[in-house]
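Undergrad: have a look at this prediction, sequence included:
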Amino acid sequence: MHKTANVLNKLPKSVQPKAKADIHEIWMSDTRAAAEKAFETFLEKYGRKYQAACECLGRTRTCS
């Protein structure tokens, strides 16, 4: 919940609803592979214009 809010705060209000849905796709994924794909999709969609939001989201990305 807090991570989502932190990421959304780095985006313009007009983009936040779609980005929130995209973030939920990451953490609601059934498998790790699906989550990784959703994460990469988020980076592709928002990374160019909203690098700070992507960096914030990426800080909690873990590999195990």
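TA: Looks like it came in fine. Residues are numbered from 1 along each chain as shown.

Undergrad: from here on, just use CA atoms for contacts and neighbour counts.
TA: Noted.

Undergrad: for the residue nearest in space to the middle of the chain, grab phi and psi.
TA: Note on the chain: the residue nearest the mean C-alpha position is Ile23, at 4.2 Å, using Cα atoms, centre = their mean. Dihedral pair for Ile23: phi -70, psi -40, per degrees, to the nearest 10.

Undergrad: now swap in Met28 and tell me
TA: Residue torsions, per degrees, to the nearest 10, at Met28 are phi -100, psi 0.

Undergrad: my guess is Glu25 contacts Lys37. True?
TA: No. Applying Cα atoms under 8 Å as the test, Glu25 and Lys37 come out as separate, 9.6 Å apart.

Undergrad: which elements pack onto the longest helix along the chain?
TA: Taking DSSP state H as the criterion, the chain has its longest helix at helix 32-46. The contact analysis (3 or more Cα pairs under 8 Å, 6 or more residues apart in numbering; DSSP states H and E) places helix 32-46 against helix 16-27, helix 51-58.

Undergrad: save those helices as TSV, and put in distance to Val7 and mean pLDDT too.
TA: What follows is these, written out as TSV (distance: least, Cα to Cα, whole Å; pLDDT from 0 to 100):
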stretch	distance to Val7	mean pLDDT
helix 16-27	9	95
helix 51-58	5	91
